[in-house]
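1. Provide a 3D model corresponding to the input given below.
(chains A and B)
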Amino acid sequence: MDVRKSWLLASIMALVLTVACGGGSEAPAEPESAAPAATAVDEATAGNITGTVVLEGTPPEAETIRMNADPVCTQEAGDNTATEYYVVGEDGSLNNVFVYVKEGLGNRSFPAPSDPVVLDQNGCRYTPHVFGIQVGQTLTVSNGDPTLHNIHAMPANNTEFNTGQPIEGMTYDTSFENVEVMVPFKCDVHGWMNAYVGVLDHPYYGVSSNGGGFALNTLPPGDYTIEAWHEMLGTQTQNVTVGENETVEVSFTFTVS
Amino acid sequence: MASLHRFTLFVAASTLLLITAGALVTSTDSGLAVPDWPNTYGYFMFSFPLSKMVGGILYEHGHRLLASTVGILMIGLAVWFSRVDDRRWVRYLAWVALGAVVLQGTLGGVTVLYFLPTPISVAHAGLAQLVFCLTVALALFTSQSWRTGTAAPNADRILARLTIGTVALVYAQVLVGATMRHSGAGLAIPDFPLAFGHLVPPEWSWPVAIHFGHRIGAVLVTLAVVATAGYMLVYHQHRLELRRLAWLLLGLVTIQFTLGALTVLSERQVGINTAHVATGAALLATAVLLALLVHRHRFTDVSLSNASVALPATPSVGVVR
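-> Got it, this is the predicted structure:
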């Protein structure tokens, strides 16, 4: 083998070793907080929107998730292995519906809360399954499982990220820079794990929970478009007028055939 | 040379296994189960604990380990060819194969770091097939029958064009299939053999178009294979090596067509979906082998020049020593 070939071989081996041994590092994106001046809401005149979400029809029965791809998940999940596509109460109330003010707040701006929103991975499930957050607010993703997870956010209007948490107790802080309803999350290690976050530039959102109830409190009086989003059933909107100190009842009814 | 031939066959088989493992990654949607690269969850690739290879990590990290092994085998192959083979063009081809594997590994890493962009993932899939064909070709070039020039010269232009056309069609079909797979269009048309109950989809979108294009491609590939194999079996049935490959080609295209249909009907069942990719690779490699054998007279190498085989009058356009 001549000298030129020796160099070629050495270069290729160096490249292979670099590829195999190189280190990778990821740093969570720091939110740029150039927030506009906040608009104070006069609590003395503010109103509320409360309501319920109901499902008509019989949804498909929840399926049992087979978690045997990871024995730790089988152990940690216990009996909590049902899919969460339709979480319906005996009275037909529908949970995990994200309800929010879509239009009507005008040019008002609202500072991002300093408290983080926590998305936990426990029993190889995301908790909560559906939640909301404000632009610039810290999202803390924590791994409560003694196994590996990757947190893969797949936004259309924000920066996609995919980061690993190989050790129990690890946390990862991030934030979103743009409004987006909804940003899906998934774990590519455990394909059944998914969650959704609604990112808004205001605090008027909620998720229907036990009894299908939700509440959007301390709203300035005005005309609003309220949207309800469900992962399988899509969206519905309603126009609502909130008067001074008024609490308006709104109900959404989704139908499944 | 016999040892090198056996080793090349082993590398080719390993490459097919690697393609199958890659198909398993996409079939199980595990491409991003390991978010970092070249490390695995911060571990040096080869020190990642086996106990942590769970869920999608098993497929993705397993694919990486296998890819690294094939990369090392390819280094050995290129060095071995450099030291043993007396044909310069074959030695170059071995180094090209190694370069392709290095590029392939890089594409695999880049596609993970950028969240599986379709063009990169398709390039990764397309180059994998080329690497496999290169290893299969190298195995052929080191075979006894090739080196001693026992293959009869062939001046049948129709057969020559049919075999080249078949290779081109199968590879184009592989690329369309990879685009469909990596853009998530595998079930864009959920029924089979019809499309939304019609012969032609009543509504079009990009996923529907790429999916329907793959179905049209399947028909074209099948016709090309039937034409090539049929022609060979009718006009060249005395050539045993071609006849065998013709039957193999017919068998593979039948299996491949069936697997494609079953992939849709089973809603992309993992085993079927994976087998569809592996059989596609075998089909392409077989078509390449056939084309090389049919065009055997265009290659000039040492053993052939020493053998008492009369070359055709047509000028050699192949690589020369």
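2. now the stretch 101-250 of chain B, which segments are flagged as low pLDDT?
-> Counting by pLDDT under 70, the ranges of the stretch 101-250 of chain B that qualify are B:149-154.
3. ok, residue A:132 - contacts?
-> For residue A:132, the contacting residues are A:98, A:100, A:117, A:197, A:198, A:199, A:200, A:205, A:206, A:207, by Cβ atoms under 8 Å, 6 or more residues apart in numbering or on different chains. (Each C-beta comes from the backbone N, C-alpha and C, glycine too.)
4. tell me the domain ranges of chain B?
-> B:1-148, B:151-301 (automatic domain parsing).
5. give me the nearest residue to the residue in the stretch 201-321 of chain B that chain A sits nearest to, chain neighbours excluded.
-> Nearest residue of the stretch 201-321 of chain B to chain A: residue B:270, at 10.9 Å (Cβ to the nearest Cβ). Nearest residue to residue B:270 in three dimensions, chain neighbours excluded: residue B:27, at 4.7 Å (Cβ to Cβ, 6 or more residues apart in numbering or on different chains).
6. do the same with residue B:175
-> Spatially, and ignoring its direct neighbours in sequence, residue B:175 is nearest to residue B:126 (5.3 Å; Cβ to Cβ, 6+ apart).
7. what's near enough to touch that neighbour?
-> Residue B:126 neighbours (Cβ under 8 Å, 6+ apart): B:171, B:174, B:175, B:178.
8. what of residue B:205?
-> Per Cβ under 8 Å, 6+ apart, neighbours of residue B:205: residue B:188.
9. next, it: phi, psi?
-> phi -150, psi 170 (degrees, to the nearest 10).
10. okay, it and residue B:188: tell me how far apart.
-> In this view, residue B:205 and residue B:188 are 7 Å apart by Cβ to Cβ, to the nearest Å.
11. nearest residue to the middle of chain A?
-> Residue closest to the mean C-alpha point of chain A, counted by Cα atoms, centre = their mean, is residue A:197 at 2.1 Å.
12. my guess is that residue meets residue A:135, correct?
-> No: Residue A:197 is beyond contact range of residue A:135, at 11.5 Å (criterion: Cβ atoms under 8 Å).
13. shared neighbours, these two?
-> residue A:176.
14. wait, a strand at residue A:150?
-> Yes: counting by DSSP: H, G, I helix; E, B strand; the rest coil, residue A:150 is part of a strand.
15. tell me the helix or strand right after the host helix or strand of residue B:249.
-> Per DSSP states H and E: residue B:249 is located in helix B:240-265. Note on helix B:240-265: by DSSP H and E, the next helix or strand toward the C-terminus is helix B:270-294.
16. residue B:236: which of the contacts of residue B:126 is nearest?
-> Distance to residue B:236 across the contacts of residue B:126 (Cβ to Cβ) is lowest for residue B:171, with 23.4 Å.
17. so the closest one is in contact with residue B:129, correct?
-> Yes: applying Cβ under 8 Å as the test, residue B:171 and residue B:129 come out as touching, 7.0 Å apart.
18. overlap in contacts of these two?
-> Here residue B:171 and residue B:129 share the contacting residues residue B:284, scored by Cβ under 8 Å, 6+ apart.
19. please identify which of the two sits among more neighbours.
-> Taking neighbours as other Cβ atoms under 10 Å in any protein chain shown, residue B:171 and residue B:129 compare with residue B:129 leading, 22 against 19.
20. what's the distance between that one and chain A?
-> 21 Å (Cβ to the nearest Cβ, to the nearest Å).
21. restrict whichever strand or helix holds that residue to CA atoms and write it as CSV.
-> In the assignment (DSSP H and E), residue B:129 maps to helix B:118-141. The C-alpha trace of helix B:118-141 is given here as CSV (Å, rounded to 0.1, in the frame of the first residue of the first chain):
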residue,chain,number,x,y,z
THR,B,118,-38.1,14.0,4.2
PRO,B,119,-35.4,14.8,1.6
ILE,B,120,-32.6,13.7,3.9
SER,B,121,-34.4,10.6,5.0
VAL,B,122,-35.2,9.7,1.4
ALA,B,123,-31.5,10.2,0.5
HIS,B,124,-30.6,7.9,3.4
ALA,B,125,-32.9,5.2,2.2
GLY,B,126,-31.9,5.6,-1.5
LEU,B,127,-28.2,5.5,-0.8
ALA,B,128,-28.7,2.4,1.4
GLN,B,129,-30.0,0.5,-1.6
LEU,B,130,-27.0,1.7,-3.7
VAL,B,131,-24.6,0.5,-1.1
PHE,B,132,-26.3,-2.9,-1.1
CYS,B,133,-26.1,-3.1,-4.9
LEU,B,134,-22.4,-2.1,-4.7
THR,B,135,-21.6,-5.0,-2.3
VAL,B,136,-23.6,-7.4,-4.4
ALA,B,137,-21.8,-6.3,-7.5
LEU,B,138,-18.4,-6.7,-5.7
ALA,B,139,-19.4,-10.2,-4.8
LEU,B,140,-20.2,-10.9,-8.4
PHE,B,141,-16.9,-9.5,-9.6
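22. got the buried residues for it?
-> Buried residues in helix B:118-141, counted by 16 or more other Cβ atoms under 10 Å in any protein chain shown: B:120-141.
23. and the next helix or strand past it?
-> helix B:144-147.
24. and that following helix, how far out from the chain middle?
-> Relative to its parent chain, helix B:144-147 has a centroid offset of 22 Å by Cα atoms, centre = their mean, to the nearest Å.
25. using CSV, list the CA coordinates for that helix.
-> Extracted as CSV, the C-alpha positions of helix B:144-147 are listed here (Å, rounded to 0.1, in the frame of the first residue of the first chain):
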residue,chain,number,x,y,z
GLN,B,144,-15.1,-17.6,-10.0
SER,B,145,-17.5,-17.6,-12.9
TRP,B,146,-17.0,-13.8,-13.5
ARG,B,147,-13.3,-13.9,-13.2
